[in-house]
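Undergrad: with the input below, show me the fold.
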Amino acid sequence: MEQKILILGANGMLGHDLAEVFSNQKPTLWDQSDLDITDEAAVQKKLSAFSPTIVINAAAYTNVDGAETDSELAFKVNADGVGYLAKTCQKLSAILVHFSTEYVFDGENSNGYKEDDQANPLNIYGQSKAKGEALVRQYCEMHYIIRSSWLYGKFPQVGKPRGLNFVETMLKLAREGRDLNVVNDQFGKPTYTLDLAQQTKEIVLGQKSCGTYHVVNEGVCTWYEFARTIFEFSKLDVKLNPITSQEYQLPTPRPKYSVLLNTKLEPLRSWQEALKDYLQ
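TA: You can find the predicted model right below:
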């Protein structure tokens, strides 16, 4: 059966890579100007008229600190809008692919988190994403929830205050000649959006069982270790200092050990290998 694929959030960092990876399937690409997912009537009308067989939702509110002061918008985009998509996909018998985050967990488990572990978010952003997951499970039978973490990619990160991912931020600051202090007590799995997009295609077109998946490059590091490797691969001599989270105060608490365990899929390449590829 020929699939009619719709990618939402197509102008974002992940959306661009999804568009490229799915290009041989001739997907239709929409961004916010084509469909505001927080408008329930518009979601029903436009999706029903288009009648997709697969909807891939890469649209999201991603400003973690901003969510603390604008929780209404965070929940509209990450929860309510996702619920509208789920209800409409169910009516159309379409598959809904939805991306989520390690922020649905509190980061207190040093063994990491499996796909079916209980969510317990620390902040508004995580709460909004956890609510979105719950609505997908509640309303849409044929769904994939794909969690990933510490994303970076070739295209601008829409919605972030700087518009830059962590890799590009570190490179920019280093080239300005600054000494850098980077947190060394938060752990995660940096993941290249191109790898995430390719694995998403394998899950969906490979007709894996519906449910929740963790798609991450393998290996665990701290933000400091990530930064050190960025500079090593880029051959940049940078004065880099490890600091604690307490020394780098942010307005919003972050999970300390936000390690997603992949127990369902073949593991992706290591984060170091993916980073080297990205930097070439």
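
Undergrad: just the strands from this protein, written as ranges.
TA: Along the chain, counting by DSSP state E, strands occupy 5-8, 28-30, 54-57, 95-101, 143-148, 151-152, 180-183, 187-188, 191-192, 211-214, 221-222, 240-243.

Undergrad: now for the fourth one, which elements pack on it?
TA: With contacts defined as 3 or more CB pairs under 8 Å, 6 or more residues apart in numbering; DSSP states H and E, the secondary structure elements packing on strand 95-101 are strand 54-57, helix 81-92, helix 124-139, strand 143-148, helix 193-205. C-beta here means a position set from N, CA and C on the backbone, and glycine is covered the same way.

Undergrad: packing partners for the helix or strand bottoming out on mean pLDDT in the chain?
TA: Taking mean pLDDT, DSSP states H and E as the measure, the chain has helix 64-69 as its least confident helix or strand, at a mean of 91. Judged by 3+ CB pairs under 8 Å, 6+ apart, helix 64-69 is in contact with helix 71-75, helix 124-139.

Undergrad: ok, back up a step: do you know which of the helices and strands packed on strand 95-101 lies nearest residue 73?
TA: Relative to residue 73, the nearest member of those by CB to CB is helix 124-139, separated by 9.2 Å.

Undergrad: mind listing what's buried along that closest one?
TA: Going by neighbour count (16 or more other CB atoms under 10 Å), the buried part of helix 124-139 is 124-137, 139.

Undergrad: do the same with stretch 47-65
TA: Using 16+ other CB under 10 Å as the burial criterion, the residues of stretch 47-65 that qualify are 47, 52-64.

Undergrad: then it to PDB, C-alphas only?
TA: Extracted as PDB, the C-alpha positions of stretch 47-65 are listed here (Å, rounded to 0.1, in the frame of the first residue of the first chain):
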ATOM      1  CA  LEU A  47      -6.200  16.600   8.100                       C
ATOM      2  CA  SER A  48      -9.600  15.300   7.000                       C
ATOM      3  CA  ALA A  49      -9.200  17.000   3.600                       C
ATOM      4  CA  PHE A  50      -5.700  15.700   3.100                       C
ATOM      5  CA  SER A  51      -6.500  12.200   4.400                       C
ATOM      6  CA  PRO A  52      -2.900  11.100   5.300                       C
ATOM      7  CA  THR A  53      -2.100   7.500   6.200                       C
ATOM      8  CA  ILE A  54       0.900   8.500   8.400                       C
ATOM      9  CA  VAL A  55       1.200  11.800  10.300                       C
ATOM     10  CA  ILE A  56       4.700  12.500  11.700                       C
ATOM     11  CA  ASN A  57       4.600  15.300  14.300                       C
ATOM     12  CA  ALA A  58       7.900  17.100  14.800                       C
ATOM     13  CA  ALA A  59       6.100  20.300  15.900                       C
ATOM     14  CA  ALA A  60       6.800  21.200  19.500                       C
ATOM     15  CA  TYR A  61       7.400  23.900  22.100                       C
ATOM     16  CA  THR A  62      11.000  23.300  23.100                       C
ATOM     17  CA  ASN A  63      12.000  26.300  25.200                       C
ATOM     18  CA  VAL A  64      12.500  24.600  28.600                       C
ATOM     19  CA  ASP A  65      13.000  27.800  30.600                       C
END
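
Undergrad: I'm done for today, thanks for sticking with me.
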